[in-house]
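Asker: model this:
(one chain, ligands or ions: 1)
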Amino acid sequence: MGADGAGSAPVVVDSLVKRYGGRAVVDGLTFSAAAGAVTAVLGPNGAGKTTTIACCEGLRRPDGGSVRVLGLDPAADGAALRPRVGVMLQDGGLPTGAGALEVLRHVAGLHSDPVPVDDLVAALGLASFARTRVRRLSGGQRQRLAVACALVGRPEVVFLDEPSAGLDPQARLAVWDVVTQVRDAGACVVLSTHLMEEAERLADHVVVVDGGRVVAQGSPQELTRTESTLSFSATPGLPVASLQAALPPGTSVAEPTAGRYLLTGVHAGPQVAATVASWCATHDVLPEGLGAGRRTLEDVFLDLTGRSLR
Ligand SMILES: Nc1ncnc2c1ncn2[C@@H]1O[C@H](COP(=O)(O)OP(=O)(O)OP(=O)(O)O)[C@@H](O)[C@H]1O
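Answerer: Residues are numbered from 1 along each chain as shown. Alright, predicted model coming up:
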């Protein structure tokens, strides 16, 4: 979705560059995020996700390229965007002296048609710490409160920086449910994450970022689609050209990370598996985990960058 109709999308990031001390930590990043969809900016620590989201929120000024949110410049048009955009910062950014519910009520009061606070309290499990001061909340509690504050104003666009980082599995599911509801109500949700599962479960469009650049983007299905893939693990440094030569023409064999072998361009049927097993036997190699399967986003990232997301 996200890349289609980019000109009219609620969020359009075009060739964004952000430098710190002369180093481009965001280096020509382009993507757009559609209404009624979750767009996940997925990448490892330091990939530039927070910086990108901060530029979208108007908290950082781009050094190059442009960001448009609802057709406006977030760095210059903050006052016009504030009522229409929900923001959740990675460190919470909440007043620490007030009680959790007090903070949420206060934020709700800034909006003309807020979501009933009790609904968010129930959906995100905030009741048990409603009266606790923000500074005394655990990281996960603070995180859930920050998500509630980002959503309470029924924003047209929501930016969530690592919304479920540090949450226990139950709280994570609660956040995913709420985000899905907001998306289904028509909002444009942009979130950053390094959690593969979060991107796979939540996102309609995934922008895979590494070193401040987009290395791939598409729906999780598009990114992981492949007619057939066969993989196995074995001793690093096997002669892949020799294995490739033993397989049907069009097959390609790669070792994206040491000791992990990936076959693409071939129908991964029993014959191919048998050929791999036989080649391994000839080379005195035990192929562990030899099997066909859909690639995960983790595989995609690994294949594109040679590194793991975690
Ligand atoms: N204010 C700053 N001054 C200098 N360098 C910065 C600043 N903010 C971020 N960086 C650097 O920019 C790079 C990208 O950081 P960013 O926080 O955008 O990455 P990220 O993808 O969000 O990572 P994480 O998953 O760890 O939050 C990192 O190398 C970081 O150290």
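Asker: and the gap between the nearest residue to residue 103 once chain neighbours are set aside and residue 69?
Answerer: Setting aside the residues directly before and after it, residue 103 is nearest to residue 94 in space (Cβ to Cβ, 6 or more residues apart in numbering), at 5.7 Å. Just so you know, the C-beta spots here come from the backbone N, C-alpha and C atoms, and that holds for glycine as well. Distance of residue 94 to residue 69, given as Cβ to Cβ, to the nearest Å: 22 Å.
Asker: of the two, who's got more company?
Answerer: residue 69 (27 against 19; other Cβ atoms under 10 Å).
Asker: and the pLDDT at the more buried one?
Answerer: Residue 69 is assigned 97 on the pLDDT scale.
Asker: for residue 32, see how far away it is.
Answerer: Look at residue 69 and residue 32: by Cβ to Cβ, they are 11 Å apart.
Asker: any residues in contact with both of these two?
Answerer: Residues within reach of residue 69 and of residue 32 at once, by Cβ atoms under 8 Å, 6 or more residues apart in numbering, are residue 11.
Asker: thinking again about what came up before, can you classify the residue nearest to residue 103 as helix, strand or coil?
Answerer: coil (DSSP: H, G, I helix; E, B strand; the rest coil).
Asker: residues contacting the residue of the stretch 151-300 of the chain found nearest the ligand?
Answerer: Nearest to the ligand in the stretch 151-300 of the chain, going by Cβ to the nearest ligand atom, is residue 194, at a distance of 5.2 Å. Counting by Cβ under 8 Å, 6+ apart, residue 194 makes contact with 42-45, 47, 49, 162, 165, 309-310.
Asker: so what secondary structure elements neighbour the helix or strand encompassing residue 41?
Answerer: Using DSSP states H and E, residue 41 falls within strand 37-42. Counting contacts by 3 or more Cβ pairs under 8 Å, 6 or more residues apart in numbering; DSSP states H and E, strand 37-42 packs against strand 23-33, helix 49-56, helix 169-184, strand 188-193, helix 196-202, strand 205-210.
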